[in-house]
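A.B. asks: task: produce atomic coordinates for the following.
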Amino acid sequence: MEQQAQGLPPHALGVGRVVVPQGEIDSGRWGTVLIVDGQGHPVALRKAEFGGRRFLTASLLPGADPIEPGADRTHLLGAGRYFCERSQWQGRPGVAVGVCPDQGRLTGWLHVPSRADMAGPPVLLEAHPAWPCPCEPGRRHQWFVGGEAS
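C.D. replies: Here you go, the predicted structure:
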């Protein structure tokens with residue numbers, strides 16, 4: 001089922017565990033991520049416009065932090081030209097998303113501490129046109145607390 005039908009926040013791409021494709025690690029680029037479900041299958045991402053400047057973020061879902069279950073944590077993974085590419089996770093095909101930084105760096109495109117912090121628990125992956133983003137805060141908050149958007 002496409003996640004768009006689930007009433008996700010406006011800039012949401014999907015929900016799952018953030019993983020870095022092996023090719024990104026091997027190349028040192030660290031430029032894309034996939035989200036996978038509990039069984040390790042890549043999640044189908046919500047449709048989005050590619051090519052423009054975006055801010056890629058990952059937010060812990062409520063209760064996902066074992067130390068502070070009520071914590072609202074959003075990590076900026078990177079900023080730049082937004083793109084997607086075919087990839088795979090543990091031999092399973094999927095679509096990875098990333099941002100190409102404006103500085104023209106060839107490696108280290110995504111923020112290393114954020115990747116490490118977000119590697120285990122489920123997150124909401126989003127691509128914002130601005131950061132911080134004024135994206136319908138009421139709708140986003142309602143989604144996080146489990147209610148429907150008004």
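A.B. asks: rest of the way, CA atoms for contacts and neighbours
C.D. replies: OK.
A.B. asks: can you map out the helices along this structure?
C.D. replies: Under the criterion DSSP state H, the chain contains helices at 22-27, 112-117, 137-145.
A.B. asks: list of residues touching the first one?
C.D. replies: The set of residues that contact helix 22-27 without belonging to it, under Cα atoms under 8 Å, 6 or more residues apart in numbering, is Trp30, Gly31, Thr32, Trp89.
A.B. asks: shouldn't the last one be in contact with Pro42?
C.D. replies: This points to Trp89. Yes - in this structure Trp89 lies within contact range of Pro42 using Cα atoms under 8 Å: 6.9 Å.
A.B. asks: separation between Ser87 and Ile35?
C.D. replies: Separation of Ser87 from Ile35 (Cα to Cα, to the nearest Å): 11 Å.
A.B. asks: any common contacting residues for these two?
C.D. replies: Residues touching both Ser87 and Ile35 by Cα under 8 Å, 6+ apart: Ala96.
A.B. asks: neighbour count for those two, which is higher?
C.D. replies: Ranked by neighbour count (other Cα atoms under 10 Å), Ser87 and Ile35 place Ile35 first, with 28 against 21.
A.B. asks: give me the distance between that one and Glu49.
C.D. replies: Distance of Ile35 to Glu49, given as Cα to Cα: 18 Å.
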